[in-house]
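J.: Need a 3D model of the sequence below.
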Amino acid sequence: MPRDSPLSTFKPARLDATREHSNQASSSSSATTMESMESTEIDVPPYYSVIEFSFSEHDTDAELRVLCNGTRIHIYLSEENFAESPQLKEKYLFYLRVAEEFELDGVTVEDFYDWIMEPFLSLLRSIPSPDQHKTPTLQDFFHPKTLVYTLKGAASGERVPSPYEVDHDSQSIEPGIRLPDELCTPWRRFSPFEIEICAENPGIALSSTPRKVQQVGGREVFFLKLLHVGDQHRAAQELKNYKRIVDLGLGEEDLQISRLLGLLQDDRGFLLGFLLSYIDCRARNLMCAVKPGLQNVVRQKWAKQVASTVHRLHAAGAIWGDAKAENVLVDVHEDAWVTDFGGGYTEGWVDKEIAGTVDGDLQGLAKILEHLGVSEDITAII
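T.: Down below sits the predicted model:
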């Protein structure tokens, strides 16, 4: 897989990988000395998440962005930073190859994250916990305290974090996108101050990318789909598709699809994200849910649900678009939901020439049925 354009976002399989702080003691803790308890406390990694990783196809630069207790750490990396240690330099270049391939010689991109972050753990531990009596809002997520570092290699072979000064303009890029107002008119709009993050506690809420959110003072729960610079075309297409779904009367039907319920917009008029119907799937989609030993009756159920949903969309004149197993969520009740109406296509699921058409949807559906191990004709399943 080629590297993305210069320092554009590269998204590995588990971008929001968290390292959770746990204070669980063993069953034999009564015999544990204070010294060993303190040692364990020091060794326990803090809870944090990698929210973005990017690297360049033109050089060996990379950037990691991490979130911990409401503080965002930007870590800039470069081959020249490891010039004093040939061993570290060689390892860094190897990890960049791992990032290109997702996995290489049994090493994954998550191992790269760990290698980068290990020297920063003491810094993360020093970040104070947020106010436990205040529920964080999305304003806290979009405007955190930010620290900027680089990682250097010493001649001793030690990796050393070092504060890093960068051009202010490179750090002041505001999130979100602009779209014509007529595309946004049908939908409710919320500011980041009006949406709070759902989590077990503020520390967790401010140490990972928010997904489950709700209106301040309300009970309606949403799934937050963030919008990034460069998402204009796809976001516009998604808005058009969701409006078409509503105009066709599918919004009120008992159809197992994601629905757009509102827009997240800041005071500049920039769209920061979509507020979608919340599907309690525990990050489980059809790609990872299908495992050896999965009962045939469950495979048949999911095949029928997905095929029926796609057929009903087509019958009403709507298109799914990016038809693939990863865009089918499996909820806690073992029901399959069709999601992501932003268009596009994924190689191996839908051919580029027929993307965004009924034929493209049917091709993707056939691949999904194949993934499920269901051999029946599509029309026989519906």
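J.: quick one: residue 322 and residue 105, what's the gap?
T.: 32 Å (Cβ to Cβ, to the nearest Å). Just so you know, the C-beta spots here come from the backbone N, C-alpha and C atoms, and that holds for glycine as well.
J.: between these two, which one's more packed in?
T.: Higher neighbour count among residue 322 and residue 105: residue 322, with 22 against 8, using other Cβ atoms under 10 Å.
J.: what bits of the stretch 51-200 of the chain have low per-residue confidence?
T.: Within the stretch 51-200 of the chain, the ranges that satisfy pLDDT under 70 run 167-174.
J.: could you redo the last one with a cut-off of 90?
T.: Of all residues in the stretch 51-200 of the chain, those with pLDDT under 90 make up the ranges 56-59, 102, 165-175.
J.: For stretch 284-292, buried residues please.
T.: Residues of stretch 284-292 classed as buried by neighbour count (16 or more other Cβ atoms under 10 Å): 285, 286, 289, 290.
J.: which ones are touching the nearest residue to residue 289 once chain neighbours are set aside?
T.: What sits nearest to residue 289 in space, not counting adjacent residues and going by Cβ to Cβ, 6 or more residues apart in numbering, is residue 330, at 4.6 Å. Residue 330 sits next to 281, 284, 285, 286, 289, 302, 336, 337 when contact means Cβ atoms under 8 Å, 6 or more residues apart in numbering.
J.: Quick check: the farthest pair among the residues you listed?
T.: Spanning the widest gap among the contacts of residue 330 are 281 and 302, at 12.6 Å by Cβ to Cβ.
J.: Okay, strands next: where are they in the stretch 201-350 of the chain?
T.: Along the stretch 201-350 of the chain, the stretches classed as strands by DSSP state E, counting those that start in this stretch are 212-215, 221-226, 260-265, 271-277, 328-330, 336-338.
J.: Give me the mean pLDDT for the longest one.
T.: Across strand 271-277, the average pLDDT comes to 98.
J.: With the last one instead?
T.: When the per-residue pLDDT values of strand 336-338 are averaged, the result is 98.
J.: helices or strands up against that strand?
T.: The contact analysis (3 or more Cβ pairs under 8 Å, 6 or more residues apart in numbering; DSSP states H and E) places strand 336-338 against helix 296-316, strand 328-330.
J.: same question, the first one
T.: Contacts of strand 212-215 with other secondary structure elements, assessed using 3+ Cβ pairs under 8 Å, 6+ apart, are made with strand 195-197, strand 221-226.
J.: tell me the contacts of residue 299?
T.: By Cβ under 8 Å, 6+ apart, the neighbours of residue 299 are 290, 372, 373, 374.
J.: now the helices for the stretch 51-200 of the chain?
T.: Assigned by DSSP state H, counting those that start in this stretch, the stretch 51-200 of the chain shows helices spanning 86-101, 109-117, 121-126, 138-142, 168-171, 181-184.
J.: Now distance to residue 214 and mean neighbour count too, for those, in CSV please.
T.: Below are those laid out as CSV (distance: least, Cβ to Cβ, whole Å; neighbours: other Cβ atoms under 10 Å):
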stretch, distance to residue 214, mean neighbour count
helix 86-101, 35, 16
helix 109-117, 30, 20
helix 121-126, 28, 15
helix 138-142, 11, 20
helix 168-171, 30, 9
helix 181-184, 21, 12
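J.: among those helices, which is nearest residue 217?
T.: Smallest distance to residue 217 across the helices of the stretch 51-200 of the chain (Cβ to Cβ): 14.6 Å, for helix 138-142.
J.: helices or strands up against the closest one?
T.: Counting by 3+ Cβ pairs under 8 Å, 6+ apart, helix 138-142 packs on strand 195-197.
J.: ok, residue 281 and residue 302, which is more surrounded?
T.: It is residue 302, of residue 281 and residue 302, that has more neighbours when counted by other Cβ under 10 Å, with 24 against 19.
J.: doesn't residue 331 make contact with that one?
T.: No: assessed by Cβ atoms under 8 Å, residue 302 is found out of contact with residue 331, at 11.1 Å.
J.: And the strands of the stretch 201-350 of the chain: which comes nearest residue 190?
T.: Using Cβ to Cβ, the strands of the stretch 201-350 of the chain put strand 260-265 closest to residue 190, at 5.6 Å.
J.: Sheet-wise, list the partners of the closest one with their directions.
T.: Applying DSSP bridges, strand 260-265 is found paired with strand 189-190 (parallel), strand 271-277 (antiparallel).
J.: Adding distance to residue 82 and mean neighbour count, write those out as TSV.
T.: Formatted as TSV, the strands paired with strand 260-265 follow (distance: least, Cβ to Cβ, whole Å; neighbours: other Cβ under 10 Å):
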stretch	distance to residue 82	mean neighbour count
strand 189-190	45	18
strand 271-277	36	22
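J.: Turn those into a markdown table, including distance to residue 58.
T.: A markdown table is the format used below for the strands paired with strand 260-265 (distance: least, Cβ to Cβ, whole Å):
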| stretch | distance to residue 58 |
| --- | --- |
| strand 189-190 | 39 |
| strand 271-277 | 30 |
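J.: Which one, of these, ends up nearest to residue 353?
T.: Comparing the strands paired with strand 260-265 by Cβ to Cβ, strand 271-277 comes nearest, at 28.3 Å.
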